[in-house]
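Asks: Please find the sequence and the predicted model below.
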Amino acid sequence: YNKIAANPDDRRLEAWFGQGSVGGATVNYLTKFEIENEMQVPLIHLTELKLIRAESAAETGNNVSVGIQDVNDILSRAGVATLDPGTSSASLILAARDQREIELVFEGNRLQELKRQAVRSNPSLLIRNAPWDCPGMVCQIPDNELQGNLNYVPNEQGGCN
């Protein structure tokens, strides 16, 4: 929300968020998924495909102009400033990753996205002040489940100090 709200011209703020009152306080809430038929939830977006192609183009140096246009398509739809045609590969990667964070908000893949970035280009990445690959980042099985199956070996814990 904050990344979108930081730019008052960004149309996604109005399209994806609403405001309401809870206990006398004004709160923002997500409307991005308010659809009448729950079977219409997108599995993959054209936006996501464009961002994958843009980042790949920047990383390989092939078709960088296509990658810039892909990101610009998203930025134009949002009503915000677009990238210059001469944008560097490094800047294109940052722009694609930034738009990926915005476009896929609340879709549950942010942790995996950060881990992907760590593997590809930032092995010292910290997630909430912990190394991206610490064992505690793996899903921990609740104690009552472990007690119900004594043969189950729990995931390693800790290491995320």
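Replies: Structure received.

Asks: In the chain, where is pLDDT below threshold?
Replies: Where the chain drops to pLDDT under 70, the residues are 35-43, 159, 161.

Asks: where along it do the helices fall?
Replies: Using DSSP state H, the helices of the chain run over residues 2-5, 12-16, 46-60, 64-78, 89-103, 110-121, 143-148.

Asks: Out of those, which is closest to residue 132?
Replies: Using Cβ to Cβ as the measure, helix 110-121 is the one of the helices of the chain that comes nearest residue 132, at 4.0 Å. C-betas here are computed from N, CA, C, even on glycine.

Asks: Check which helices and strands the closest one sits against.
Replies: With contacts taken as 3 or more Cβ pairs under 8 Å, 6 or more residues apart in numbering; DSSP states H and E, helix 110-121 sits against helix 89-103.

Asks: still on that earlier bit, any idea which of the helices of the chain gets closest to residue 135?
Replies: Of all those, it is helix 110-121 that lies closest to residue 135, at 13.2 Å by Cβ to Cβ.

Asks: May I see the buried residues of the closest one?
Replies: Neighbour counts over helix 110-121 (16 or more other Cβ atoms under 10 Å) mark 114, 117-118 as buried.
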